[in-house]
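[1] Return atomic coordinates for the entry below.
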Amino acid sequence: MASKSPRRSQLLKEAGLDFVVKTKDTEESYPADLEVDKVAEYIAKKKAYAAREFIEDDTILLAADCIVTLGNKIYGKPKDAEDAFRILSELSGKTHKVITGVCLLSNTKEKVFSSVSKVEFELLKEEEIRYYIDKFQPFDKAGAYAIQEWIGLCKIKKIEGLYSNIMGLPMAKVYKELEDF
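    Sure thing, here's the model as predicted:
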């Protein structure tokens, strides 16, 4: 797996899959004119190709990227506490999308796909946002939150789609694509 995400590792372990983490630092940039719904797939493929040197004859490389969108605006990882506060304030009381792009790559094949989940937040009070940021430090998470933490347990009104996708890897889809690969 070409990802340092502890959540992705957790999901793969819980699914009973054997894997090794090997990563290459990759700039998570994308063309300005790329459709918002294609950005996660583009970055996942970019990460996979950056790490392709780790592919051996009998291995499949998995790379993924997760973005949060509200309308046509993409919310990546917050730069600091102030940025996290801004992001969560903008998502408060609204339904946003979590899009995870995945690239499976071997020496002979490539499969790129994505999964979309919708998340509706309750209205978040300023003190709740500050509590969450102070206690959970969500600076390595797209959209400045993790569904498995306090904010997901206490302030999400509704989700549509795969829970694991919101954590960072759509496991049901990944499992099926690995079977077909």
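
[2] Just give me the residue closest to the centre of this structure.
    Residue closest to the mean C-alpha point of the chain, counted by Cα atoms, centre = their mean, is C66 at 2.5 Å.

[3] May I ask you to confirm that it is in contact with S114?
    No - C66 lies out of contact with S114 (Cβ atoms under 8 Å); the separation is 9.7 Å. To be clear about C-beta, it is placed using only N, CA and C from the backbone, and glycine gets the same treatment.

[4] low-confidence ranges in the chain?
    Along the chain, the model assigns pLDDT under 70 to no residue.

[5] ok, the residue of it positioned farthest from its centre to G76 distance?
    In the chain, the residue that sits farthest from the middle, by Cα atoms, centre = their mean, is D57; the gap is 27.8 Å. Computed as Cβ to Cβ, to the nearest Å, the D57 to G76 distance reads 35 Å.

[6] Which residues are in contact with each of C66 and S114?
    Counting by Cβ atoms under 8 Å, 6 or more residues apart in numbering, the residues touching both C66 and S114 are 40, 99-101.

[7] I'd like these as TSV, with neighbour count and secondary structure appended.
    Shown next, in TSV, are those (neighbours: other Cβ atoms under 10 Å; DSSP: H, G, I helix; E, B strand; the rest coil):
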residue	neighbour count	secondary structure
A40	28	helix
I99	24	strand
T100	29	strand
G101	25	strand
